[in-house]
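Asks: Structure for this input, please:
(chains A and B)
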Amino acid sequence: RKEVEQDPGPFNVPEGATVAFNCTYSNSASQSFFWYRQDCRKEPKLLMSVYSSGNEDGRFTAQLNRASQYISLLIRDSKLSDSATYLCVVPNTGNQFYFGTGTSLTVIP
Amino acid sequence: DVKVTQSSRYLVKRTGEKVFLECVQDMDHENMFWYRQDPGLGLRLIYFSYDVKMKEKGDIPEGYSVSREKKERFSLILESASTNQTSMYLCASSLLGTPGPQHFGDGTRLSIL
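Replies: Residues are numbered from 1 along each chain as shown, chains lettered A, B, ... in the order given. Below is the predicted model of the structure:
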């Protein structure tokens, strides 16, 4: 089993829609989780950090389910500018990070 | 604000050349990382360092070496570049010990001809 797994998509949604991505992780001892956004041919940029049950920032909500070992990212009222790849990242105990392969989102006018 | 700076956005080199990619961070982070990213393969860790002069192999260290002489600078070296090292290279840094996020540089798109 991979350390971090994501549905690669692609997710194609109309503007204004709500979309959710899930990310499963294998290490039950993980304490922190991160969602990054990556635009085509650019570097990953930190979108949200999750240290407890969840986090909310405007239209973006991240929720953690420790029992089932997954974190989700919910985007409400999707904008064209939300089109990107979303990476789930989980640190391990050795100062390294496990990356999901990313979920591709395209918001359609 | 957090800043990780990579020396080049685009680089073209020839096979057999020795290639240096430089990365500098201004956040006083202990950890620094080099990744490569290829379509369909995601980010793969080449090397990381948690202190000056310390280095650890990642998942794909073959053909690469690194240097960390100063805390803020982490260099990736392609000893003898090959075409299969054509890729996007990303440098990142993070604090030691705390489960905080990584911060990435802009990336270097390297082409080996």
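
Asks: From now on I want contacts and neighbour counts done on CA atoms only, so please keep to that.
Replies: Noted.

Asks: Specify the local secondary structure of the closest residue to chain B within chain A.
Replies: Going by Cα to the nearest Cα, chain B is nearest to A:T101 of chain A, at 4.8 Å. Of the three states, A:T101 takes coil under DSSP: H, G, I helix; E, B strand; the rest coil.

Asks: for residue 88, what are its contacts?
Replies: Reading this off chain A. A:4, A:6, A:23, A:33-36, A:99-102 (Cα atoms under 8 Å, 6 or more residues apart in numbering or on different chains).

Asks: My question was about chain B, not that one.
Replies: B:36-38, B:107-110.

Asks: neighbours of the nearest residue to it once chain neighbours are set aside, just the number please.
Replies: Nearest residue to B:M88 in three dimensions, chain neighbours excluded: B:R109, at 4.4 Å (Cα to Cα, 6 or more residues apart in numbering or on different chains). Using other Cα atoms under 10 Å in any protein chain shown, B:R109 is surrounded by 19 other residues.

Asks: Same check on A:W35?
Replies: Neighbours of A:W35 (other Cα under 10 Å): 26.

Asks: element containing the residue nearest to B:M88, please.
Replies: strand B:108-112 (DSSP states H and E).

Asks: before we move on, back to that, isn't the residue nearest to B:M88 right up against B:Q6?
Replies: No. Contact between B:R109 and B:Q6 fails when scored by Cα atoms under 8 Å: they sit 10.7 Å apart.

Asks: Start from the N-terminal end of chain B and give the strands.
Replies: B:4-6, B:10-13, B:19-25, B:31-38, B:42-49, B:56-57, B:64-70, B:73-78, B:87-94, B:103-104, B:108-112 (DSSP state E).

Asks: interface residues of chain B facing chain A?
Replies: Residues of chain B lying close to chain A (Cα under 8 Å from any Cα of the partner chain) are B:31, B:40-43, B:50, B:90, B:96-97, B:99-107.

Asks: just the buried members of those?
Replies: Applying 16 or more other Cα atoms under 10 Å in any protein chain shown to these, the neighbour count classes B:31, B:43, B:50, B:90, B:96, B:99-107 as buried.

Asks: and those as CSV, adding distance to A:N95 and pLDDT?
Replies: Listed next are these as CSV, based on distance: Cα to Cα, whole Å; pLDDT from 0 to 100:
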residue, distance to A:N95, pLDDT
B:N31, 8, 92
B:L43, 16, 91
B:Y50, 8, 92
B:L90, 17, 97
B:L96, 7, 80
B:P99, 8, 69
B:G100, 10, 78
B:P101, 11, 88
B:Q102, 10, 91
B:H103, 14, 93
B:F104, 15, 96
B:G105, 18, 96
B:D106, 22, 95
B:G107, 21, 96
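
Asks: If anything else comes up later, I'll come back, but that's it for now.
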